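Asks: I'll drop the sequence and a predicted model, then ask my questions.
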Amino acid sequence: MTSSGSQGGVEPGDLLKIADELYAHDVGDFTAARDALVKQLKADRALALRVKALRRPSLAAWAVNLLVRSDRSHIEEVLGMAQALRSAQAAADGEELRALTRQRRQLIAALTARTRSLAAQAGHRLTESVAEQVENTLTAALLDAEAGRAVGSGMLVSGLRATGVDPIDVASAVGVPEALGYQPASPPVRGAAGARDRAGSAGEAAPSRLRAVPPSRPDPEAVAAELVQRKSAQVTAATAALTECERGEGSARAAETEARGAEARKQAEALQVQADIEELTRRLAELEAQAERIDAELAPLNEQAARAADRAASASDATARAREALASAEAELVEAEGALARLRGTRHASAYRNPGAIHRA
């Protein structure tokens with residue numbers, strides 16, 4: 001890294017190289033990396049002060065820088081589309097301009113989605129509001145040549161927005177205005193050292209803010225070209241707004257048609273449900289009448305069942321008594337058979353002892 005020394009001016013190449021490295025850092029690491037570098041540059045006070053003045057980018061600006069640094073073809077595609085829009089505007093080709101406007105919307109939407117994806121991969125989720133700032137910045141780069149140069153530098157510190165009326169203040173949106181040919185103000189210096197520096201530069205009026213370096217005399221052609229460019233941007237913005245309105249009207253009419261179709265379908269569905277309710281009501285009445293008939297037929301059957309149950313109970317009792325009688329008779333039979341057997345046994349024994357007794361008898 002080349003240094004110009006604390007006594008001399010800061011070489012633009014030195015500051016641009018340092019800034020390019022710093023703005024490649026993650027947005028969360030920027031301040032620490034910048035302050036660490038300032039400590040390393042103590043020997044070169046002027047350069048250290050310029051580095052210290054480098055602003056931390058907003059999240060939207062950092063995300064756009066990330067998109068540009070990840071692939072230069074993204075910003076080249078935006079600038080190419082911008083040139084095509086200006087050419088179509090200059091040729092007053094309305095059909096081509098409308099087609100390019102549609103392509104512009106598609107391109108900006110795709111690049112915004114790509115930016116959100118890259119930021120997420122780097123650990124930063126872009127909210128809808130931040131994503132809108134990214135989209136506005138990319139749109140400004142497409143509609144305004146100076147904004148396109150600012151975005152292409154990869155050193156944005158804040159987002160851009162093109163109104164189509166007022167010029168865009170690109171100098172204050174870039175970390176190092178020299179990258180776009182702007183002259184920065186000298187950084188403020190406090191204390192005795194600041195007084196010595198001011199004394200040493202007596203007669204030189206330090207600018208109070210960043211300003212574009214003007215040409216030595218107005219160039220009518222350049223002024224006219226700038227006016228044409230601004231008017232072209234206004235017409236492009238108005239055409240884009242008209243296209244957006246037409247698309248919004250078409251979408252609204254399509255939504256109305258869809259809503260009316262949905263309404264008709266729901267009405268038909270409601271009628272069908274009502275018919276189903278009526279059918280179910282009629283069927284319910286039939287079932288209730290059938291239930292009443294069944295209840296009426298069931299009453300005598302219940303009585304018959306009760307009487308049959310009583311008869312079954314009586315029969316069961318009779319069966320039990322018969323079984324008891326049978327068991328008693330069987331027991332008496334067994335006892336009688338036993339008595340008979342004993343009697344016969346006694347007679348046989350007597351006949352054996354006194355055969356004549358049986359004969360006499």
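Replies: That came in fine, so what should we check first?

Asks: can you report how many residues neighbour residue 258?
Replies: 10 (other CB atoms under 10 Å). From N, CA and C alone the C-beta is placed, and that goes for glycine too.

Asks: need the pLDDT of it.
Replies: Here the pLDDT value assigned to residue 258 is 77.

Asks: which element, helix or strand, includes it?
Replies: helix 220-353 (DSSP states H and E).

Asks: helices and strands around that helix, which ones?
Replies: The elements that helix 220-353 packs onto, with contact taken as 3 or more CB pairs under 8 Å, 6 or more residues apart in numbering; DSSP states H and E, are helix 72-90, helix 94-121, helix 128-143, helix 355-360.

Asks: worst mean pLDDT among those?
Replies: Among these, helix 355-360 scores lowest, at a mean of 60.

Asks: could you list the low-pLDDT ranges of the chain?
Replies: 1-12, 179-180, 182-248, 250-252, 257, 355-361 (pLDDT under 70).

Asks: circling back: and the helix holding residue 258 with helix 128-143, angle?
Replies: 140 degrees (axes from the mean of the first three to the mean of the last three CA atoms, to 10 degrees).

Asks: distance from helix 220-353 to the middle of the chain?
Replies: 43 Å (CA atoms, centre = their mean, to the nearest Å).

Asks: ok, residue 128 - how many residues close by?
Replies: Counted with other CB under 10 Å, residue 128 comes out at 7.

Asks: please apply the same query to residue 317.
Replies: When neighbours are counted by other CB under 10 Å, residue 317 comes out with 10.

Asks: and residue 290, which of the helices and strands packed on helix 220-353 is closest to it?
Replies: helix 128-143 (63.6 Å; CB to CB).

Asks: now that closest one: buried residues?
Replies: 130-131, 133-143 (16 or more other CB atoms under 10 Å).

Asks: buried deepest among the helices and strands packed on helix 220-353, which one?
Replies: Highest mean neighbour count among the helices and strands packed on helix 220-353 (mean count of other CB atoms under 10 Å): helix 128-143, with a mean of 21.

Asks: how far does that helix sit from the chain's center?
Replies: 20 Å.

Asks: can you show me the CA trace of that helix as PDB?
Replies: What follows is helix 128-143, C-alpha atoms only, in PDB (Å, rounded to 0.1, in the frame of the first residue of the first chain):
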ATOM      1  CA  GLU A 128     -39.500  -6.500   3.100                       C
ATOM      2  CA  SER A 129     -38.600  -2.800   3.800                       C
ATOM      3  CA  VAL A 130     -34.900  -3.400   3.200                       C
ATOM      4  CA  ALA A 131     -35.700  -5.500   0.100                       C
ATOM      5  CA  GLU A 132     -37.700  -2.500  -1.200                       C
ATOM      6  CA  GLN A 133     -34.700  -0.200  -0.700                       C
ATOM      7  CA  VAL A 134     -32.600  -2.700  -2.700                       C
ATOM      8  CA  GLU A 135     -35.200  -2.700  -5.500                       C
ATOM      9  CA  ASN A 136     -35.400   1.100  -5.500                       C
ATOM     10  CA  THR A 137     -31.600   1.300  -5.700                       C
ATOM     11  CA  LEU A 138     -31.400  -1.100  -8.600                       C
ATOM     12  CA  THR A 139     -34.300   0.700 -10.400                       C
ATOM     13  CA  ALA A 140     -32.400   4.000  -9.900                       C
ATOM     14  CA  ALA A 141     -29.300   2.500 -11.400                       C
ATOM     15  CA  LEU A 142     -31.400   1.500 -14.400                       C
ATOM     16  CA  LEU A 143     -33.100   4.900 -14.900                       C
END
